[in-house]
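Enquirer: this is a predicted model, with the sequence first.
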Amino acid sequence: MDTTALRSALGRFATGVTIVSCVDARGERVGLTANSFQSLSLSPPLVLWSLRRISPSLAAFQQARHFAVNVLGEAQVDLSRRFATRRDAKFDEGLWAPGATGAPVLSGCAAVFECEAHSHQTAGDHELFIGRVLSMSEAPVPPLVFQGGHYHLLGEIL
């Protein structure tokens, strides 16, 4: 299979944009941009996201007991770009606070899901992470959308 063509075709599907965060074994905050987030189950409340197995953050999320999925709003595109890099001090931008589980939670998001790690497993070149939602919040802000390799604003259909 031509992976470039596959990636292009998959990119036609519009997704939201998240920053998934946790605290590693040393007590350091870890976070990254992910658009592979989705609902898995309402009862019990489970969500799923995936991470490339070559990511330097993989071990932190495999060992974390909790994580937060911060669903970004349109105004947070710069944070999305920041957390998509390997730069240091990612958390120096944005209003971050420890959530109920200790995982970093970002203020101003469209939604936040604080999760207990339920399971993770390898699937191809990614690791799938399933979390049990322990608490959530939402705000009436438009979500950031990613499609075709670009960020988009969500508009109403009249």
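Expert: Thanks, I have the structure now.

Enquirer: which stretches in this structure count as helices?
Expert: Using DSSP state H, the helices of the chain run over 3-10, 58-63, 77-83.

Enquirer: the ones you listed into TSV, with extra columns for mean neighbour count, mean pLDDT and distance to Pro143?
Expert: Quick note: C-beta positions are derived from backbone N, CA and C, even for glycine. Conversion of these to TSV gives the following (neighbours: other C-beta atoms under 10 Å; pLDDT from 0 to 100; distance: least, C-beta to C-beta, whole Å):
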stretch	mean neighbour count	mean pLDDT	distance to Pro143
helix 3-10	10	90	19
helix 58-63	16	97	23
helix 77-83	18	97	11
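
Enquirer: in JSON lines: the ones you listed, plus distance to Val17.
Expert: Shown next, in JSON lines, are the helices of the chain (distance: least, C-beta to C-beta, whole Å):
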{"stretch": "helix 3-10", "distance to Val17": "15"}
{"stretch": "helix 58-63", "distance to Val17": "18"}
{"stretch": "helix 77-83", "distance to Val17": "5"}
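
Enquirer: show me the one of those helices that comes nearest Ala100.
Expert: helix 58-63 (18.5 Å; C-beta to C-beta).

Enquirer: how far does that closest one sit from its chain's centre?
Expert: 14 Å (C-alpha atoms, centre = their mean, to the nearest Å).

Enquirer: what's that helix in contact with?
Expert: For helix 58-63, the external contacting residues (C-beta atoms under 8 Å, 6 or more residues apart in numbering) are Val20, Cys22, Asp24, Ala25, Val30, Leu51, Arg52, Phe67, His120, Glu127, Phe129.

Enquirer: how does it look with 7 Å?
Expert: With contacts defined as C-beta atoms under 7 Å, 6 or more residues apart in numbering, helix 58-63 is touched by Cys22, Asp24, Ala25, Val30, Leu51, Phe67, His120, Glu127, Phe129.

Enquirer: now the closest residue to Leu95 other than its chain neighbours: how far from His120?
Expert: With C-beta to C-beta, 6 or more residues apart in numbering as the criterion, Leu95 has its nearest non-adjacent residue at 3.8 Å, and that residue is Ser107. Distance, Ser107 to His120, using C-beta to C-beta, to the nearest Å: 27 Å.
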